[in-house]
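>>> from the sequence below, what's the structure:
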Amino acid sequence: MTERLTIRRPDDWHVHLRDGAMLEAVAGHTARQFARAIIMPNLTPPVTSIEAAKAYRGRIMAAVGDAPFTPLMTCYLTDGTDPAELERGYAEGVFTACKLYPAHATTNSAHGVTDIRALTAVLETLQRIGMPLLIHGEVTDKSIDIFDREAVFVERVLTPLVRDYPGLKIVLEHITTAEAAAFVAEADHPIAATITPQHLLINRNALFDGGLRPHAYCLPVLKRETHRVAVRAAAVSGSPRFFLGTDSAPHVVGAKESGCGCAGIFNAPFALEAYARVFDEEGALDKFEGFASEHGARFYGLPLNEGTVTLVRGDAEVPASIGAGETAVVPFLAGTNVGWRFEG
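Numbers count the residues shown, from 1 in each chain. Okay, the predicted model is just below:
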């Protein structure tokens, strides 16, 4: 049995660092474990310009201090996004990718895209310059059951998108269903997917375990056990199309434990430990380095990181809460023993 696991320093290909006091409180948790991270742009107001991305990157760097960490900035797509701004930002190394939120799909997505078919000029530009499109893959039609919105998105939106733009690099973010996992694995297209620790470890029963559990609520929402098993199989398969993306999304306790609780799970403090637990349970620790440290970098065309990190099997109690006051957050797996410790 493996007691110590040393891997190349990993990256987080999907994280929410928020802004202001919350940014100051949470950024260090990501920088402690990861060399780079794709930073989500759904602030208020969203990051829609080169100048806004530069300014946000500066605030992140100030928050992490001397940590050897590189934030990779993204542009929030709207119906009015200027393709020339994307191309210039990508050429200047400000934007690493752009993010498509269907309008009203999740936190701070009100400014998102109302109809992807109206983005022809943007999509043609992305395809031409090789800039990745990161997609929150859910339809927002209220007539569609919330547990089916990812599968319907794959059928109605993603399938024609890859047909019409065969060279467009796509990352389907935080996949949660067997349909999404199969599509990414089998598509004759430059497409990949990020996978979160929560969608590997818990299913939708966790939302109602002895009562309503707001800290297990995220979007895309947790699905049936059959979907968790399918996504888990994709993660540990060794396929280069699947890689680590925590979707760590902190909300202050009061915003979660309210009459209309926010969607988002804060998993950054014990992210690598949680992933290691999954790969260990599946007898796939030999595939963990690829998932955490190699597949994402290669898909984005970036160099692999130098240096290593080490995880050790053993007790690691996740605290009931982290922070205080306006930055008090309940972490994923709070109050449990995750079974692996990060040594750095």
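
>>> show me the strands in this structure, by range?
Remark: strands assigned in the chain by DSSP state E are 4-8, 11-15, 36-39, 70-76, 95-100, 133-135, 170-172, 191-195, 242-244, 308-313, 340-342.

>>> same list, the ones you listed, but as TSV with mean neighbour count and distance to residue 110 please.
(Glycine included, C-beta is placed from N, CA and C.) As requested, the strands of the chain are arranged in TSV below (neighbours: other C-beta atoms under 10 Å; distance: least, C-beta to C-beta, whole Å):
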stretch	mean neighbour count	distance to residue 110
strand 4-8	16	39
strand 11-15	27	20
strand 36-39	25	19
strand 70-76	23	11
strand 95-100	24	14
strand 133-135	24	17
strand 170-172	25	22
strand 191-195	26	23
strand 242-244	27	28
strand 308-313	18	38
strand 340-342	19	36
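
>>> with mean pLDDT as new columns, can the ones you listed be given to me in CSV?
What follows is the strands of the chain, written out as CSV (pLDDT from 0 to 100):
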stretch, mean pLDDT
strand 4-8, 98
strand 11-15, 99
strand 36-39, 98
strand 70-76, 98
strand 95-100, 98
strand 133-135, 98
strand 170-172, 98
strand 191-195, 98
strand 242-244, 99
strand 308-313, 98
strand 340-342, 97
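
>>> with distance to residue 204 added, can I get the ones you listed in CSV?
CSV is the format used below for these (distance: least, C-beta to C-beta, whole Å):
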stretch, distance to residue 204
strand 4-8, 30
strand 11-15, 21
strand 36-39, 26
strand 70-76, 29
strand 95-100, 25
strand 133-135, 22
strand 170-172, 20
strand 191-195, 17
strand 242-244, 21
strand 308-313, 28
strand 340-342, 25
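
>>> of all these, which one is nearest residue 327?
strand 11-15 (16.4 Å; C-beta to C-beta).

>>> thought residue 83 was touching residue 119?
No. Using C-beta atoms under 8 Å as the test, residue 83 is too far from residue 119 to be in contact (9.0 Å).

>>> more neighbours, those two?
The neighbour comparison of residue 83 against residue 119 (other C-beta atoms under 10 Å) goes to residue 119, with 20 against 17.

>>> how about that one: what's its closest non-neighbour residue?
residue 113 (6.5 Å; C-beta to C-beta, 6 or more residues apart in numbering).

>>> what do you get for residue 307?
Counting by C-beta to C-beta, 6+ apart, the residue nearest residue 307 is residue 9, at 4.6 Å.

>>> separation between that neighbour and residue 247?
20 Å (C-beta to C-beta, to the nearest Å).

>>> before we move on, the earlier item: quick one: which of the strands of the chain is nearest residue 218?
strand 11-15 (12.1 Å).

>>> now the closest one: how far from the chain's centre is it?
Chain-centre distance of strand 11-15: 6 Å, with C-alpha atoms, centre = their mean, to the nearest Å.

>>> for stretch 334-344, which outside residues touch it?
For stretch 334-344, the surrounding residues in contact (C-beta atoms under 8 Å, 6 or more residues apart in numbering) are 5, 32-33, 215, 270, 272-274, 276-277, 280, 309-321.

>>> so of these, which ones are in helices?
Mapping the contacts of stretch 334-344 onto helices (DSSP state H) picks out 32, 33, 272, 273, 274, 276, 277, 280.

>>> out of the strands of the chain, which comes closest to residue 301?
Short answer: strand 95-100, nearest of the strands of the chain by C-beta to C-beta, at 9.9 Å.
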